[in-house]
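Fold the stuff below for me.
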Amino acid sequence: MRAFALLALPLLVACVEPTTTPRPGGSTTAPAATSSNAAHLTPSQANREFVRVVQTIEPIAEAECRRRAPRSNCDFLIVIDDRPNQPPNAFQTLDDTGRPVIAFNLGLIAMAHNADELAFVLGHEAAHHINGHIARTQANAATGALIFAGLAALTGAGENEVRAAQDIGATVGARSYSKDFELEADALGTRITARAGYDPVRGAAFFTRIPDPGNRFLGTHPPNAARIETVRREAAKL
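Take a look at the predicted model:
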C-alpha cells in the first residue's frame, strides 16, 4: 500500500455523515507511535503524520482482519481523494476485485489536530471492512426492498408504485442498523488504534468538531456523544 490520488469511488461507509443519501491471522507488533502535541497540525505536518499513521496502522488492521475475518480480502489499499473543495470525509469501499479501499480526502486530513485523530479514523474505517458492514448493509437493503415491494403488491399497487416502494424499502433497510454499524466500527477501531500505539480516546476528540447528527429516525450515524462514550468504554477494557 501507498497513498495515491483517488478520482472516483462509490461512498459506501463514511465516517462523517453525508448530506445526501448513501448508496447502498497472525499477530503483528507495531513500533510505538508518537503524536503531535500541537493544537492543530500545519498542512505539511498533517501530510507527514498521515503517512506515518498509514504505515503504522495498516499492518495492525490487516492482522486484525486476518484474525477476525479470515475469508475476507485483508489487503487494504489506502488512498487520498485529492479533489479540491470537498467537505472533510473518509470512507471505506471495495474495488472491482473486492479489495478493501479506505479513502481520506484532503479536507479531513487538514482538519486533524493530531496523529491520534488520523489513526482513529483509519482504524474506524478498517473496522467497517473487518466487520463486513458493506455486505450486511446490502443484505438489509435487499430485505427492505423485498418487504416493501411485497406489501405494495398486496395492496394492488401498480408497477410504478411497487418500484417506488421497493426503493423506499431499500433505503429503510440499509439504514436500519447503520448506527449500530458505526458504533461497532468505533469499538473495533479503538482496539486497532490502541494496538498501533496511538490514543483512541484522544483520537475520538475528532467527533467534537464535526456536526452532531443527533438521534434522528433512520439517520445513518449515531450521536457524537454515544460514539465518544463507546470509545472510552472500549479503551477502558484494554
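
Quick check: buried residues in stretch 105-125?
Buried residues in stretch 105-125, counted by 16 or more other C-beta atoms under 10 Å: 105-109, 111-125. Quick note: C-beta positions are derived from backbone N, CA and C, even for glycine.

what about that stretch, distance to the chain center?
With C-alpha atoms, centre = their mean, to the nearest Å as the basis, stretch 105-125 stands 11 Å off its chain's centre.

Just to check, T190 is in contact with E234?
Yes - with contacts counted by C-beta atoms under 8 Å, T190 reaches E234, the gap being 4.2 Å.

what sits in contact with each of the two?
Jointly contacting T190 and E234 under the rule C-beta atoms under 8 Å, 6 or more residues apart in numbering are P200.

Next, give phi and psi for the most far-flung residue of the chain relative to its centre.
Ranked by distance from the centre of the chain (C-alpha atoms, centre = their mean), the top residue is G156, with 40.3 Å. When read as degrees, to the nearest 10, the backbone of G156 gives phi 90, psi 20.

and what of Q92?
Note on Q92: backbone dihedrals following degrees, to the nearest 10 are phi -120, psi 130.

pLDDT value on the residue farthest from the centre of the chain, please?
If you check G156, the pLDDT there is 83.

For the one helix or strand A135 maps to, name the packing helices and strands.
For A135, the element it lies in under DSSP states H and E is helix 133-154. When contacts are defined as 3 or more C-beta pairs under 8 Å, 6 or more residues apart in numbering; DSSP states H and E, helix 133-154 sits against strand 13-14, strand 90-94, helix 159-175, helix 178-195.

if we can go back for a sec, for T190 and E234, indicate the residue with more neighbours.
For T190 and E234, the more surrounded residue by other C-beta atoms under 10 Å is T190, and the numbers stand at 27 against 21.

for the more buried one, what are its contacts?
By C-beta under 8 Å, 6+ apart, the contact set of T190 is 120, 123, 200, 204, 230-231, 234-235, 238.

Also F76?
Going by C-beta under 8 Å, 6+ apart, F76 touches 1, 58, 61-62, 65, 100-102, 126, 129.

Is it possible to mark the buried ones in those residues?
By 16+ other C-beta under 10 Å, these give 58, 61-62, 65, 100-102, 126, 129 as buried.

thinking again about what came up before, between the helix holding A135 and helix 178-195, how big is the angle?
With axes from the mean of the first three to the mean of the last three C-alpha atoms, to 10 degrees as the basis, helix 133-154 and helix 178-195 are set at 180 degrees to each other.

The contacts of F76 in helices, which ones?
Using DSSP state H, the subset of the contacts of F76 located in helices is 58, 61-62, 65, 126, 129.

Nearest to L146 among those residues?
Closest approach to L146 among the ones in helices among the contacts of F76 (C-beta to C-beta): H129, at 25.8 Å.
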